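Novice: Quick one, structure for this:
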Amino acid sequence: MKKIFVLVVIGFLIIAGCAREKAGGKEEIVIWHWMSDRQEAFDVLSSKYEDLTGIKAKFSLYAPSDAYSQKIKAAAQTDTLPDIYGILGEKKLFALFIQAGNVLDLTDEMNANLGQWRNTFFPRALAVNEFQPGNSYGIKSGIYGAPLDVSNVQMVYNKSLFKKAGLDPDRPPKSWYEFITAGKKLKKAGIDGFVSGWGEIWMIESLALDWAMNLMGEEKVMATFRGDIPYTDPEWIKVFSLFKQMQDAGMLYDGIVIMVNKTAERLFATGKAAMAFNGSWCVNVYKEMNPELDYGVFPPPLVSDTNLMRIWGGAGSSFVINKKSAKPKEAIAFLKWLTAAPQQAYLAERTLNLPANKESLDVISFILAEFADDMDIVTHPNIWPVAEFPLVREAMDKGIQSIITGEKTPRQVAKEIQRVKVREIEREQK
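Specialist: Below you'll find the predicted structure:
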């Protein structure tokens, strides 16, 4: 009897083990993310994928983004990362995850069948997940992630307020002169001209570098980052002076340098300001705040006709596959399905984010299409060949804030940034 009992127990354990393998093995893929606005849409797609394949794609939400970042860092240290996840942070952090063996190289999959998977994406969006040959991080060249959506940061304008100020609501400013002139006309009509979340200093930096690349060209900006050209160069001083001209024109909303972007979004959505600098994600935000808002999109105004205007953008969010996953083939198959045109179109429709798949653009809204039209001119620090020191970037951003508040002149700020630059170079060389 005892012997029979033991056999029964062993048999039960074998069956239970098989059940666990079926439920937690090939039949389930686990995805971690931070995108709370997309969980409901992800759940719908998960059910659809399970109906099609019998494999459950379990999306686990960990928000806010700061908490998510800490979670994946801790999981990387304990080898408990899921099958698929996103990495929030700069290229250096991405490289560290790859070096630790936590990211699967997707290059062969992307290039298979004459690059069928790769060619569905916006090139600039894919570049965020790609490491070029000879990169400074020592990572083998290749593609290590797939973009889920894309974004870029541009100007938006309220058509009704433009009309009220005597401006053409169908012709937003293209040049710097037109931009400043519009700001002055808006002020004369009693309308605040411009708002943005410049208390979040990366937003100041992105606009400053847009104008820097337009004025002096991308190569000169990169040369500055390498230390070959000082920030006291006249063209850099001219870039910093643009912010003083905006303030002198009376077009900047009071308190803009301490304003978080959510506040700026609410001010623009409720008609308290005629123009704003914001990302393509704002389409969803503005719809929630004011569904009747009539607005358009335009790139930052040109300050030079010599060089192209570049705008910050690229992959809004991306997923990577855990190299240590027990189900890499299943994870790859799901990621290909998730980034295919039908699923991308569904996510764009439900979440109002720009799809990373070029083939799904015909279903997006008119206002999103205005953002999408400029994906060919996007740039981003994560794809630049050289990175600026963080403390130098901070000195620039805070220096521009001080120009707006009138505490310092553009020339003084340029000298301060250069002092920090020299100090950081010397520190690195020690």
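Novice: Quick one: name whatever helix or strand follows the worst-scoring helix or strand of the chain on mean pLDDT.
Specialist: The helix or strand of the chain with the poorest confidence is helix 2-24; it has a mean of 38 (mean pLDDT, DSSP states H and E). Tracing the chain C-terminally past helix 2-24 and defining elements by DSSP states H and E, one meets strand 28-33 next.
Novice: and that following strand, what other elements does it pack with?
Specialist: Here strand 28-33 touches strand 56-61, helix 65-77, strand 84-85, strand 311-321, helix 328-338, going by 3 or more Cβ pairs under 8 Å, 6 or more residues apart in numbering; DSSP states H and E. Heads up, the C-betas are built off the backbone N, CA and C, glycines and all.
Novice: Return the member of these having the minimum mean pLDDT.
Specialist: Least confident of these, judged by mean pLDDT, is strand 311-321 with a mean of 90.
Novice: Which of the helices and strands packed on strand 28-33 sits closest to E28?
Specialist: In terms of Cβ to Cβ, the element of the helices and strands packed on strand 28-33 nearest to E28 is strand 56-61, at 4.8 Å.
Novice: what residues go with each domain of this structure?
Specialist: 29-150+317-365, 152-312+385-429 (automatic domain parsing).
Novice: Present those as a markdown table; the columns should include distance to D376.
Specialist: Shown next, in a markdown table, are the domains of the chain (distance: least, Cβ to Cβ, whole Å):
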| stretch | distance to D376 |
| --- | --- |
| domain 29-150+317-365 | 7 |
| domain 152-312+385-429 | 10 |
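Novice: who wins for proximity to M375 among those?
Specialist: domain 29-150+317-365 (5.1 Å).
Novice: Format the CA atom coordinates belonging to the helix or strand containing V221 as PDB.
Specialist: Here V221 sits within helix 218-226, counting by DSSP H and E. The C-alpha coordinates for helix 218-226 follow below in PDB (Å, rounded to 0.1, in the frame of the first residue of the first chain):
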ATOM      1  CA  GLU A 218      25.200  68.600 -37.300                       C
ATOM      2  CA  GLU A 219      28.900  68.100 -37.800                       C
ATOM      3  CA  LYS A 220      29.800  71.300 -36.000                       C
ATOM      4  CA  VAL A 221      27.500  70.400 -33.100                       C
ATOM      5  CA  MET A 222      29.300  67.000 -32.900                       C
ATOM      6  CA  ALA A 223      32.700  68.700 -33.100                       C
ATOM      7  CA  THR A 224      31.600  70.800 -30.100                       C
ATOM      8  CA  PHE A 225      30.700  67.700 -28.200                       C
ATOM      9  CA  ARG A 226      34.200  66.200 -29.000                       C
END
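Novice: all strands in the protein, in order from the N-terminus.
Specialist: Under the criterion DSSP state E, the chain contains strands at 28-33, 56-61, 84-85, 130-131, 142-143, 146-158, 194-195, 275-279, 295-298, 311-321, 354-355, 378-379.
Novice: The longest one: how far from the chain's middle?
Specialist: When you say that, I think you mean strand 146-158. How far strand 146-158 lies from its chain's middle: 8 Å, per Cα atoms, centre = their mean, to the nearest Å.
Novice: Could you give me the buried positions within that strand?
Specialist: 146-158 (16 or more other Cβ atoms under 10 Å).
Novice: show me the contacts for the residue nearest the centre of the chain.
Specialist: Taking Cα atoms, centre = their mean, the centroid of the chain lies closest to G316, which sits 3.8 Å from it. Counting by Cβ atoms under 8 Å, 6 or more residues apart in numbering, G316 touches 147-151, 280-281, 353-354, 356.
Novice: How about W236?
Specialist: Per Cβ under 8 Å, 6+ apart, neighbours of W236: 212, 216, 224, 230, 414.
Novice: redo that, cut-off 7 Å
Specialist: Residues near W236 by Cβ atoms under 7 Å, 6 or more residues apart in numbering: A414.
Novice: Could you do W281 as well?
Specialist: Per Cβ under 7 Å, 6+ apart, neighbours of W281: 151, 353.
Novice: where's it relative to R350, distance?
Specialist: Distance, W281 to R350, using Cβ to Cβ, to the nearest Å: 14 Å.
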